[in-house]
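Novice: have a look at this fold, sequence not included:
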């Protein structure tokens, strides 16, 4: 049974969400991290079309059509409640288990989300709190080639003193998942805090006492789905 104040989610069968919800203001239609990619893909399609003919510009045009929806920044309804941990990305739950947090060197509950390649590629803050440290992937593309496993990690601490670590495995062409966020910043639950195009799994490391509210295989939505209650 869920904690008091949680109701059945009308969007995801079998899921629970807080009864009280609020809307967090986000970027305009295209998120800032995606504007350059959208502009570049559209410019490439136009350039190829003018130089080589519109038939040859078809692949670049398809790329532009894919980049635009992935870079959207819709307003999401964010759960209220200081103890709620929301999902940092769209996708499905692929792991709920006890594990070792490699960044804070502690035993923790790990909840893993695998993003859908055709859904929004954006990272959002799982909790209200202060950014204690950010571990970016080493360097740009060549740094990723050297790294055995390229990851970005974000360590946050809530007002109640709970530590939450979000870890994002990155692909070779993915930008830094938590780019633009630095230690000392304060993030609101559901706030956009990075981009994760073409990247892979997102891991949340939570305190062992956290009450997990999701199940394996469940479809989840960034900012809207409550992953756990601290």
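Specialist: Perfect, I can see it now. Just so it is clear, the structure is predicted and the values come from calculations on it, not from any experiment.

Novice: so, low pLDDT: which residues of this protein?
Specialist: Within the chain, the stretches with pLDDT under 70 are 1-37, 67-75, 116-121, 137-150, 170-180, 195-200.

Novice: longest strand of it?
Specialist: Longest strand in the chain by number of residues (criterion: DSSP state E): strand 91-101.

Novice: and that strand, what does it pack against?
Specialist: Using 3 or more C-beta pairs under 8 Å, 6 or more residues apart in numbering; DSSP states H and E, the elements in contact with strand 91-101 are strand 106-114, strand 202-206, strand 219-220. The way it works is simple: take the backbone N, C-alpha and C, and place the C-beta from them, glycine included.

Novice: so for residue 52, which of these sits nearest?
Specialist: Nearest to residue 52 among the helices and strands packed on strand 91-101 is strand 106-114 (37.9 Å), distances taken as C-beta to C-beta.

Novice: got the domain ranges for the protein?
Specialist: Here the domain assignment for the chain is 6-11+81-229, 32-70, based on automatic domain parsing.

Novice: any chance of those domains in a markdown table, with mean neighbour count too?
Specialist: Below are the domains of the chain laid out as a markdown table (neighbours: other C-beta atoms under 10 Å):
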| stretch | mean neighbour count |
| --- | --- |
| domain 6-11+81-229 | 19 |
| domain 32-70 | 15 |
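
Novice: quick one on the thing from earlier: which residues are in contact with the longest strand of the chain?
Specialist: 106-116, 119, 165, 201-203, 205, 208, 212, 214-220 (C-beta atoms under 8 Å, 6 or more residues apart in numbering).

Novice: before we move on, what about stretch 152-162?
Specialist: If you take C-beta under 8 Å, 6+ apart as the criterion, stretch 152-162 is touched by 82-83, 103-104, 125-137, 163-168, 170, 176-178, 181, 187, 193-194, 207, 210, 230.

Novice: which ones among those residues map onto strands?
Specialist: Members of the contacts of stretch 152-162 lying in strands (criterion: DSSP E): 129-135, 163-168, 187, 193-194.

Novice: need the longest helix for this protein.
Specialist: The longest helix of the chain (DSSP state H) is helix 32-52.

Novice: which helices and strands sit right next to that one?
Specialist: If you count contacts as 3+ C-beta pairs under 8 Å, 6+ apart, helix 32-52 packs onto helix 58-70, strand 192-195.

Novice: the last one pairs with which strands?
Specialist: So the one you mean is strand 192-195. strand 122-124 (antiparallel) (DSSP bridges).
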